[in-house]
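**Student:** below are the sequence and a predicted model for it; my questions follow.
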Amino acid sequence: MLIKNHAEVRPDGYLDRTPWFQFILLALLFSLWATAASLNDILITAFKSVFTLSDVATAFVQSAFYLGYFVIAIPAARVIRHFTYKTAIIIGLVLYIAGALLFLPASHAGTYAMFLVALFVLAVGLSFLETSANTYGSMMGPKRNSTQRLNIAQTFYPLGSILGIVMGKYLVFGAGDSLEEQLANAAPEQQAMIAEQALQAILQPYKVIIVILVVVLVAFLLTEFPSCKPRDTAHETHAGVLETLRYLFSKKDFVIGILTQFVYIGMQTAVWSFTIRLALEEDKSLNERAASTFMIISFALFFVGRGAASSLMSRFRAARILQVASVLGVLCMAYVVVVPGITSVYAAVASVLFFAPCWPTIYGKTLETITDARYRETGGAIIVMSIIGGAVQPVLQGLASDMIGSLRLSFVVPLLAYVIVLAYFTYMSGRGDDAVATQPA
């Protein structure tokens, strides 16, 4: 290995200090899966016009994507258990590349189903990455700072999200009339040509991603990483699946954390899935390229929210910070539902600032409920499996939009989800057991 690791693993699997080069390289993975996730929001808008889809049908983009996360999280945890976190990350990067490459035949086939297959394979790779990186990042340093460290790593997420949206804005969407209007005003023979050009444009961001992934893969292969495996269980027989599940689901706070993460991810995904469409619906003068600017602002606020939360958590209790933020987020979401016009889009974008730190905080607090290190990898995988909420809630919102006939009113679905998230942080704040992180990560 060209780059060595000098941190020591403690008996519980955490490190005596944070190896910063390895940690930053690991944190870059958060940007990589964020780029893929944010491009889904571009795909939803483009596919709706190219394939003439309903809102509920467009949401199948998210269903295929998050289903890949769900089905592979436990196998990924088994790879981590029997091998290393690094091995799982390498597998994830290779599958991510494979999924991105599948966009090439999908664009030539010109069918919605082929794109969904490519997204599923890509998401299987991301599941390996996220199952590894979330738990690995929380353990790459002293235990007392695990949640704070995960929030720091998660600040890389919005950077990747912004990259994805910027690539979508300039490589996928064109200037002038919206794609929907171009297709509506074109003759039948021209419609096929416009649709084919749109599908070819969709390929461009994924070509860039493939190049970046190859570079990151080489960097991981050349870097030595700590095991972060508990020494006191290194020679013990690993617990079976049923024993692990009995242990995990006997813990009330673990179950509550899983359910809350399911609801939160669904809310986040639904808001981002339909923000561009909401802008197009509330301001008919916008085209897709202009409307995607709202997503760039959204992810910039997501970055600010993550960074601000990481700073505040060094002085205040995490649950209390998130409780206050969730109240403000609920108010923003209620505004979207109640007030028509372009200001509803501003409110949807503003809500992102307040839900930004939810995922790493819920993840960290839920992982901390696992006191027996033998169950940690599987527990972390189950938390990642809760991402399946991202496959469910956008479909529910799309169904509501089709039934009501108003995309704006369908935002009542993420509004109700946000109320549940608020209830979780109110519960955690009332417990008063989340200590202030005052030590360096």
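**Tutor:** Alright, I've got the coordinates. Residues are numbered from 1 along each chain as shown.
**Student:** longest helix in the protein, please.
**Tutor:** If you go by DSSP state H, the chain has its longest helix at helix 188-221.
**Student:** packing partners for that one?
**Tutor:** Secondary-structure packing of helix 188-221 (3 or more C-beta pairs under 8 Å, 6 or more residues apart in numbering; DSSP states H and E): helix 20-50, helix 85-101, helix 103-109, helix 156-167, helix 179-185. Every residue, glycine included, has its C-beta placed from N, CA and C.
**Student:** in it, what counts as buried?
**Tutor:** Buried residues in helix 188-221, counted by 16 or more other C-beta atoms under 10 Å: 191, 194-195, 198-199, 201-203, 205-206, 209-210, 212-213, 216-217, 220.
**Student:** any idea which helix or strand comes after it?
**Tutor:** Downstream of helix 188-221, the next assigned helix or strand under DSSP states H and E is helix 241-249.
**Student:** list the buried residues for that next one?
**Tutor:** For helix 241-249, a neighbour-count test (16+ other C-beta under 10 Å) marks 244-245, 247-248 as buried.
**Student:** ok and the next helix or strand after it relative to helix 241-249, angle-wise?
**Tutor:** Counting by DSSP H and E, the element after helix 241-249 in chain order, helix or strand, is helix 252-282. Taking axes from the mean of the first three to the mean of the last three C-alpha atoms, to 10 degrees, helix 252-282 and helix 241-249 form an angle of 80 degrees between their directions.
**Student:** now helix 252-282: buried residues?
**Tutor:** Residues 254, 256-258, 260-282 are the ones in helix 252-282 that count as buried (16+ other C-beta under 10 Å).
**Student:** centre of the chain to it, how far?
**Tutor:** On the basis of C-alpha atoms, centre = their mean, to the nearest Å, helix 252-282 sits 10 Å off its chain's mean C-alpha point.
**Student:** who does the helix or strand following that helix touch, helix- and strand-wise?
**Tutor:** Sequence-wise, the next helix or strand downstream of helix 252-282 (DSSP H and E) is helix 288-291. Counting contacts by 3+ C-beta pairs under 8 Å, 6+ apart, helix 288-291 packs against helix 20-50, helix 252-282.
**Student:** return the set of buried residues in the first one.
**Tutor:** To tie it back to what came earlier, the one meant is helix 20-50. Result for helix 20-50 [16+ other C-beta under 10 Å]: buried residues 22-23, 25-50.
**Student:** quick check: chain neighbours aside, which residue is closest to residue 327?
**Tutor:** Closest residue in space to residue 327, ignoring its immediate chain neighbours: residue 422 at 6.4 Å, by C-beta to C-beta, 6 or more residues apart in numbering.
**Student:** show me what the host helix or strand of that neighbour is packed up against.
**Tutor:** Using DSSP H and E, the element containing residue 422 is helix 412-431. Judged by 3+ C-beta pairs under 8 Å, 6+ apart, helix 412-431 is in contact with helix 252-282, helix 318-338, helix 343-355, helix 358-367, helix 389-404.
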